[in-house]
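Trainee: Fold the following and give me the result.
(chains A and B)
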Amino acid sequence: MIPTKEEWNRALEARHGKELHRAFSCATVAVCGLGGLGSNIAIALARAGVGRLILCDFDRVDITNLHRQQYKAGQIGMYKTDALAQNLKEIAPYVSLTVHTARITEENAAALLSDADIICEAFDDAECKAIFANNVLSELPDKYLVAASGMAGLYDANRIQTRKITSKFYLCGDEKSDVQDGIGLVSSRVMICAAHEAHTVLRILAKQFDV
Amino acid sequence: MVRVNGEEKDIAGKTLAEYLTAANYDMKRIAVEHNGDIVAVARYGETVLMDGDGIEIVSFVGGG
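Mentor: From the prediction side, this is the model:
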């Protein structure tokens, strides 16, 4: 039996307290890129009771994604937006979802992300990350941006950290380990970096801005 | 002196673009904070670094 919305909210309120639950449930967070980072970020935020998620990705679930991304074997071939929306609704049935199955460009970013209080960069490609970060920070200066750089390989988990770069820009990762070097991405280390991003979002919503 | 990623450097008077090129940064993979604000990529060439300024250059690597 799926709990009612009231039961759901009561359980989260009992866990987080009234004030924090209100801050989380009133928030809109955009997750841009739904791979190893984005799928994990979205699940963490939905579980914590973030009210609305904007999910953006143009790609489909592939067999090579399943070693680190939060999809299931039966979802291969689906758009990641649709597959993640399905999974999120199973986990947190009352989360409000807006999906954009599209490539985010410098032209459409402002329109797609205008409702978001906080934007998570969760792309794979280094140049796409930089273009997106520069675009959001320049064109949407009132938004918080939480981005990631450096989480590949089996290196020490403790090298992954969160740094505050400006009052609106946080960067998670070790800022070094590139997917091109070595064995590529490993589920646990990507999850750690995704957890840093999700945790930074929740701390911002809780008005804990320092790192 | 200009503080670059925590290190004092004798580069006052140079533009940001000049410094980034000389220091071999890949300008397609960075974001630059200058005295608390992000510098738009289109303004690297006209941003002159002054004595006492601080900049932080963030490099993006692949993976996600």
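
Trainee: isn't A:A147 right up against A:K168?
Mentor: No - with contact defined as Cβ atoms under 8 Å, A:A147 does not reach A:K168; the gap is 11.2 Å. Backbone N, C-alpha and C define where each C-beta goes, glycine included.

Trainee: Looking at those two, which has the bigger crowd around it?
Mentor: A:A147 (29 against 21; other Cβ atoms under 10 Å in any protein chain shown).

Trainee: Excluding sequence neighbours, find me the nearest residue to that one.
Mentor: A:E121 (3.8 Å; Cβ to Cβ, 6 or more residues apart in numbering or on different chains).

Trainee: Next one: A:N134 from A:V95, what distance?
Mentor: Applying Cβ to Cβ, to the nearest Å, the value for A:N134 to A:V95 is 30 Å.

Trainee: I misspoke; the intended subject was B:A17.
Mentor: Here the criterion is Cβ to Cβ. By it, B:A17 lies 44 Å from A:V95.

Trainee: is it fair to say A:I119 lies in a strand?
Mentor: Yes - looking at A:I119 with DSSP: H, G, I helix; E, B strand; the rest coil, it is inside a strand.

Trainee: And the strands in the chain, which stretches?
Mentor: In the absence of a named chain, this looks at chain A. Ranges of strands in chain A, per DSSP state E, are A:28-32, A:52-56, A:96-100, A:118-121, A:144-148, A:161-166, A:169-173.

Trainee: oops, chain B please
Mentor: B:2-4, B:7-9, B:30-34, B:37-38, B:54-59.

Trainee: Please identify the deepest-packed of those strands.
Mentor: Mean neighbour count (mean count of other Cβ atoms under 10 Å in any protein chain shown) peaks for strand B:30-34 among these, with a mean of 22.

Trainee: list the helices and strands that strand packs on?
Mentor: Applying 3 or more Cβ pairs under 8 Å, 6 or more residues apart in numbering or on different chains; DSSP states H and E, we find strand B:30-34 packed against helix A:126-139, strand A:161-166, helix B:16-22, strand B:54-59.

Trainee: quick one: strands adjacent to it?
Mentor: strand B:37-38 (antiparallel), strand B:54-59 (antiparallel) (DSSP bridges).

Trainee: I'd like the ones you listed laid out as TSV, including mean pLDDT.
Mentor: Shown next, in TSV, are the strands paired with strand B:30-34 (pLDDT from 0 to 100):
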stretch	mean pLDDT
strand B:37-38	95
strand B:54-59	97
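
Trainee: For those, give me TSV that also has distance to A:Q208.
Mentor: Output for those, formatted as TSV (distance: least, Cβ to Cβ, whole Å):
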stretch	distance to A:Q208
strand B:37-38	22
strand B:54-59	22
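
Trainee: tally of neighbours for the residue nearest to A:A147?
Mentor: By other Cβ under 10 Å, 28 other residues sit near A:E121.

Trainee: just checking, it touches A:N134?
Mentor: No - here A:E121 lies out of contact with A:N134, judged by Cβ under 8 Å, at a distance of 10.6 Å.

Trainee: Nearest to the spatial middle of chain A, which residue is it?
Mentor: The centroid of chain A falls nearest to A:I41 when counting by Cα atoms, centre = their mean (3.5 Å).

Trainee: pLDDT value on it, please?
Mentor: A:I41 is assigned 99 on the pLDDT scale.
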